[in-house]
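[1] fold the following for me, if possible:
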Amino acid sequence: MSAVPSPPPVLAWRDHDPAACGLPGMFLGEVDPSGDPGGAAERLWRLGARRVRLPGTVDLTGEAGPERAARTVAALSLVRDLTARAVLVDWELRLGLAVDAWRVLCHLQPPRRLDGHDGRTEPEGAERSDGTAGGGPAGDPEAAGDPGEALRAWRRGHYLCKCLWRVGPGFVQIRDRRWGELRRFTADEPEYRTAIDRLAYGAPAGSVRPAVLDDFRGERLVLDIGVLSWWVPYRVDRWLQESMTI
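    Numbering: from 1, shown residues only. Predicted coordinates:
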């Protein structure tokens, strides 16, 4: 595991529902999940957190230096690991010109805001910032490059276990539905499991066997953030749906 910093302090509640979160005893306050990054989600879960709010914005725009890359990877890792536990995550994401890259992350809990947009549909006849009328059916977010439409599509299409990996006897398997159909990637060579463990919380690309990293990149299972490469799928230790539906 790489030396990625712990995620920052977060706000936490005992329930998903905003109305329930306002009741006495439901707010856990600011929680510091510092320590081993791989155990941050587990510590929050055991504390009773079922809704977590991350501070600031996860920024994937421009060139990320080593420190910014490490902070970004730490935040994304927490979002990923909390999603795997069905914890609702309030977070904000900035993709900039790469807004169509949202599909790589669409297995994660949808962000509260994407590039400053909250994803709400404009009233019928309302004028958008580009001067066109709003309120009509959402267009193709990949074609339009519109963060508001991308966020709405993300929310409509999100479900648990959309992109996960699991370990079987002598193999690892990734089950990926981010692209509209089930894609399976199965490997029984031990170097693939070693690479996943190394990439899970970010690692320099040069620390991973090139052929393995190329395979993962080809399937868009790795996201390059500055000097770090980060493992995108999450691992589940309990089925969140019946196995036949995954």
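[2] quick one, what contacts the most centrally placed residue in the chain?
    The structure's the chain has its C-alpha centroid closest to residue 108; by Cα atoms, centre = their mean the separation is 3.6 Å. Taking Cβ atoms under 8 Å, 6 or more residues apart in numbering, we find residue 108 in contact with 76, 79-80, 83, 89. Placement of C-beta: from N, CA and C, glycine included.
[3] now do it, the pLDDT please.
    Residue 108 carries a pLDDT value of 97.
[4] quick one, strands of this protein?
    Here the chain has its strands, by DSSP state E, at 10-13, 27-31, 51-53, 58-59, 88-90, 92-94, 113-114, 163-168, 171-176, 183-187, 203-204, 222-225, 228-231, 234-235.
[5] now render those as JSON lines, adding mean neighbour count.
    Below are these laid out as JSON lines (neighbours: other Cβ atoms under 10 Å):
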{"stretch": "strand 10-13", "mean neighbour count": "21"}
{"stretch": "strand 27-31", "mean neighbour count": "14"}
{"stretch": "strand 51-53", "mean neighbour count": "21"}
{"stretch": "strand 58-59", "mean neighbour count": "19"}
{"stretch": "strand 88-90", "mean neighbour count": "18"}
{"stretch": "strand 92-94", "mean neighbour count": "20"}
{"stretch": "strand 113-114", "mean neighbour count": "21"}
{"stretch": "strand 163-168", "mean neighbour count": "17"}
{"stretch": "strand 171-176", "mean neighbour count": "18"}
{"stretch": "strand 183-187", "mean neighbour count": "14"}
{"stretch": "strand 203-204", "mean neighbour count": "20"}
{"stretch": "strand 222-225", "mean neighbour count": "20"}
{"stretch": "strand 228-231", "mean neighbour count": "24"}
{"stretch": "strand 234-235", "mean neighbour count": "20"}
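[6] nearest to residue 66, of those?
    Closest of the strands of the chain to residue 66 is strand 228-231, at 8.1 Å (criterion: Cβ to Cβ).
[7] from the contact counts, what lies against the closest one?
    The contact analysis (3 or more Cβ pairs under 8 Å, 6 or more residues apart in numbering; DSSP states H and E) places strand 228-231 against helix 66-84, helix 190-199, strand 203-204, strand 222-225.
[8] where in the protein is pLDDT low?
    The chain contains residues with pLDDT under 70 at 1-4, 121-144, 237-246.
[9] any idea how far the residue nearest to residue 223 when sequence neighbours are not counted is from residue 61?
    The shortest distance from residue 223 to any non-neighbouring residue, by Cβ to Cβ, 6 or more residues apart in numbering, is to residue 230 (5.0 Å). With distances taken as Cβ to Cβ, to the nearest Å, residue 230 is found 16 Å from residue 61.
[10] now do the contacts for residue 174.
    Contacts of residue 174 by Cβ under 8 Å, 6+ apart are 163-165, 183-186, 219, 221, 233.
[11] same thing but at 7 Å, please
    By Cβ atoms under 7 Å, 6 or more residues apart in numbering, residue 174 lies in contact with 165, 185, 221, 233.
[12] what does the third one show for phi and psi?
    When you say that, I think you mean residue 221. Main-chain torsions, residue 221, degrees, to the nearest 10: phi -100, psi -10.
[13] shouldn't it be in contact with residue 234?
    No - contact criterion Cβ atoms under 7 Å: residue 221 and residue 234 do not qualify, at 11.3 Å.
[14] hang on, residue 117 packs against residue 151?
    Yes - if you go by Cβ under 7 Å, residue 117 and residue 151 touch, sitting 5.9 Å apart.
[15] which of these two has more residues huddled nearby?
    Between residue 117 and residue 151, counted using other Cβ atoms under 10 Å, the more crowded position is residue 151 (24 against 16).
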